[in-house]
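J.: Give me the fold of what follows.
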Amino acid sequence: MNNFTKSIVYSGVVLAAGLVAIFAIYNNMGTDSNVSYIEPASGEEITLDSTIDATGEAIENAAEAAGEAAADAYDATAEAADDAFEATKEMASDAVDATTEAASETAAAIDDAVTQSPAEEAAQAVEDAADETAEAVDEAVESVEGTEPASGEAIIEKAKELAE
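T.: Residues are numbered from 1 along each chain as shown. Reported below is the predicted structural model:
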């Protein structure tokens, strides 16, 4: 027999033994027992009402502890989200600065090319492209400033698109 078959047989035997024990306990229970009054070994009286009250207190304490844990988790999550937003905003700002600098250098190169060569139409087209890049960078800065912390990935993708 392989291990899987042995495991199945063993589980079946344990299940059968458990069922036999449950039925034996059920059949030996008498109807003359008073469930509302149980006396433990220590001699104290434990009634159904005191048990319900103790259970209610335990539930209230657990609910209070869970509420405090949830509040702490919320505060930690909010702080982490704020930090992530600030870091993303700084990265986007750096990307915008780099793109703006590249556009300025391109415009300067275009100006040099225009004064040195007779192909003014081509230079004007490149200069227009640089102006459009600068406008796109300005729009990206505005969209980054209006972005909420939950969309940090969108900011990073936008910065990557502008960098290309």
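J.: C-alpha from now on. contacts and neighbour counts both.
T.: Noted.
J.: what's the longest helix seen in the chain packed up against?
T.: Counting residues, the longest helix found in the chain (DSSP state H) is helix 48-116. Contact analysis of helix 48-116 by 3 or more CA pairs under 8 Å, 6 or more residues apart in numbering; DSSP states H and E lists helix 120-145, helix 152-163 as its packing neighbours.
J.: So for this protein, which residue is the most central one in space?
T.: residue 77 (8.3 Å; CA atoms, centre = their mean).
J.: what pLDDT does residue 4 get?
T.: In this model, residue 4 is scored at 90, pLDDT.
J.: Figure out the helix or strand that it lives in.
T.: helix 3-28 (DSSP states H and E).
J.: Which of the helices and strands packed on helix 48-116 comes out lowest on mean pLDDT?
T.: Looking at those, the bottom one is helix 152-163 with a mean of 68.
J.: So for stretch 66-86, mean pLDDT?
T.: In the prediction, stretch 66-86 has an average pLDDT of 81.
J.: All further residue positions should be reported with the first residue as 234.
T.: I'll keep to 234 as the first residue from here, and by that count the last item is stretch 299-319.
J.: Of all the residues in it, which ones are buried?
T.: In terms of neighbour count (16 or more other CA atoms under 10 Å), stretch 299-319 has its buried residues at 314, 318.
J.: Now do the longest helix of the chain against helix 353-378, angle only.
T.: 160 degrees (axes from the mean of the first three to the mean of the last three CA atoms, to 10 degrees).
J.: Could I get the phi/psi values of residue 235?
T.: Dihedral angles phi and psi of residue 235 (degrees, to the nearest 10) take the values phi -80, psi 170.
J.: Next, work out how far apart it and residue 242 are.
T.: 11 Å (CA to CA, to the nearest Å).
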